[in-house]
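Peer 1: mind looking at a prediction? Sequence and model below.
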Amino acid sequence: MSKKLYMSLIFSNLVVIKTLSSNHRMYNLYAKFVKILEICKQFSENLVNDSGNVPRRGPVPKFSDLEVVALSLTAETESIDSEKWLFDYKLQEYKDSIPNLISRRQFNDRRKKTSGLCEELRKRIAMEMDGGEEQFFVDSKPIEVCRVARGKRCKMGRAGNFSQAPDFGFCASQNTYYFGYKLHALCGLSGVIHSYDLSKASVADLHYMKDVKHTYHDCSIYGDKGYIGADVQLDLFETAHIRLECPYRLNQKDWKPTFIPFAKARKRIETIFSQLTDQFLVIRNYAKITNGLFARIIGTISALTILQYVNFINDKPIGRIKYALN
């Protein structure tokens, strides 16, 4: 091959690479931040004022509360779970595009304070996608705070409200003990999370259903074997007309095999937990206090809902969130 032909091939390959990279308009972090901020503004009616802040006394921050929420969600969609990495490296090249950017310490404080706003936005987006659902799936996932060997020395939740402190628990699916919390989630047939909660790792899954009856009624909820309980099932049906269905255990009386369509449909919530683990790194925890961990969980699930909504408005399967913003 001649040198002239070799150089022409290299030049043509560079042109193709440049063309492909220019088509990915949402590749950079700032473009995704702007897109997510637009969605947050769309659902922020009656939640913030004209400047994008939750009404309160004191000076008006230049970097609004909506921008704090949007930056938090953008970091989660990019699988950035370290604030140090976000501010010291990723945001350095966008300083000119975001002139009012706050410091890392201010972002850490305001992220916790705006977690309620973030959750309210998530609820509105979820209702826009899946508002008339009558069938739900419930499941739980372990959220480890630290290794079991360090559990007794962990100070998270010990200084404030002890009821919010983590605890030792057992995960039957992984056959392991862990120290931390348990994430309970309720999603619809389409895979949109409608509600969720954190409990101590030692609390049984069935206790979460006692809170569900105050929010839902006249619907069907499908759970795994951890939600079996005749008394709770009867109470849910009598108080809120909620039909809780679970697969039978092998040693139960009147045992029946699991209904195949039910088992396949339950994979939706299991897929959601896999996405929270792999793409959003929810099992990696750097929080030192409970409020920080709770804010991170709210941001992670809200980011998942944002990506689902992007697919929803673009007429794409909402479950394929990995390249929703690309």
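Peer 2: Here it is on my side, so go on. These numbers were taken from a predicted model, which means no experiment stands behind them.
Peer 1: C-alpha from now on. contacts and neighbour counts both.
Peer 2: Noted.
Peer 1: ends of stretch 200-214, what's the gap?
Peer 2: From its first residue to its last, stretch 200-214 covers 20 Å (CA to CA, to the nearest Å).
Peer 1: go through it and flag the buried ones.
Peer 2: 200-202, 205, 208-209, 212-213 (16 or more other CA atoms under 10 Å).
Peer 1: how about residue 144, what does it touch?
Peer 2: If a contact means CA atoms under 8 Å, 6 or more residues apart in numbering, then residue 144 has 178-181, 283-285 as its contacts.
Peer 1: contacts for stretch 205-216?
Peer 2: 140, 184, 226-229, 232, 236, 239-240, 242.
Peer 1: rerun at 6 Å
Peer 2: Contact with stretch 205-216 is made by 227, 240, as judged by CA atoms under 6 Å, 6 or more residues apart in numbering.
Peer 1: which residue ranges of the stretch 201-326 of the chain form strands?
Peer 2: 219-222, 242-245 (DSSP state E, counting those that start in this stretch).
Peer 1: columns mean neighbour count on top of the ones you listed, output as CSV?
Peer 2: Below are the strands of the stretch 201-326 of the chain laid out as CSV (neighbours: other CA atoms under 10 Å):
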stretch, mean neighbour count
strand 219-222, 18
strand 242-245, 20
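Peer 1: quick one: closest of those strands to residue 127.
Peer 2: Checking these against residue 127 by CA to CA gives strand 219-222 as the closest, at 15.9 Å.
Peer 1: direction included, what does the closest one pair against?
Peer 2: Within its sheet, and counting by DSSP bridges, strand 219-222 is paired with strand 135-146 (parallel), strand 242-245 (parallel).
Peer 1: state the mean pLDDT of that strand.
Peer 2: For strand 219-222, mean pLDDT rounds to 87.
Peer 1: hey, C-alpha coordinates of it in PDB?
Peer 2: The C-alpha coordinates for strand 219-222 follow below in PDB (Å, rounded to 0.1, in the frame of the first residue of the first chain):
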ATOM      1  CA  CYS A 219     -56.100  -2.300  43.100                       C
ATOM      2  CA  SER A 220     -54.100  -5.500  42.900                       C
ATOM      3  CA  ILE A 221     -50.500  -5.900  44.200                       C
ATOM      4  CA  TYR A 222     -48.300  -8.800  43.400                       C
END
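Peer 1: can you tell me what sits against that strand?
Peer 2: For strand 219-222, using CA under 6 Å, 6+ apart, the contacting residues are 134-137, 242-246.
Peer 1: how does it look with 10 Å?
Peer 2: 133-139, 186-188, 209, 237, 240-247, 262-263, 265-266 (CA atoms under 10 Å, 6 or more residues apart in numbering).
Peer 1: buried subset of the residues you listed?
Peer 2: Neighbour counting by 16+ other CA under 10 Å classes 133, 135-139, 186-188, 209, 237, 240-247, 265-266 among the contacts of strand 219-222 as buried.
Peer 1: hang on, the earlier thing: including neighbour count, pLDDT and distance to residue 49, could the contacts of residue 144 go into JSON lines?
Peer 2: Formatted as JSON lines, the contacts of residue 144 follow (neighbours: other CA atoms under 10 Å; pLDDT from 0 to 100; distance: CA to CA, whole Å):
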{"residue": "178", "neighbour count": "22", "pLDDT": "93", "distance to residue 49": "43"}
{"residue": "179", "neighbour count": "25", "pLDDT": "93", "distance to residue 49": "41"}
{"residue": "180", "neighbour count": "26", "pLDDT": "92", "distance to residue 49": "37"}
{"residue": "181", "neighbour count": "24", "pLDDT": "93", "distance to residue 49": "35"}
{"residue": "283", "neighbour count": "15", "pLDDT": "86", "distance to residue 49": "35"}
{"residue": "284", "neighbour count": "14", "pLDDT": "87", "distance to residue 49": "35"}
{"residue": "285", "neighbour count": "17", "pLDDT": "84", "distance to residue 49": "33"}
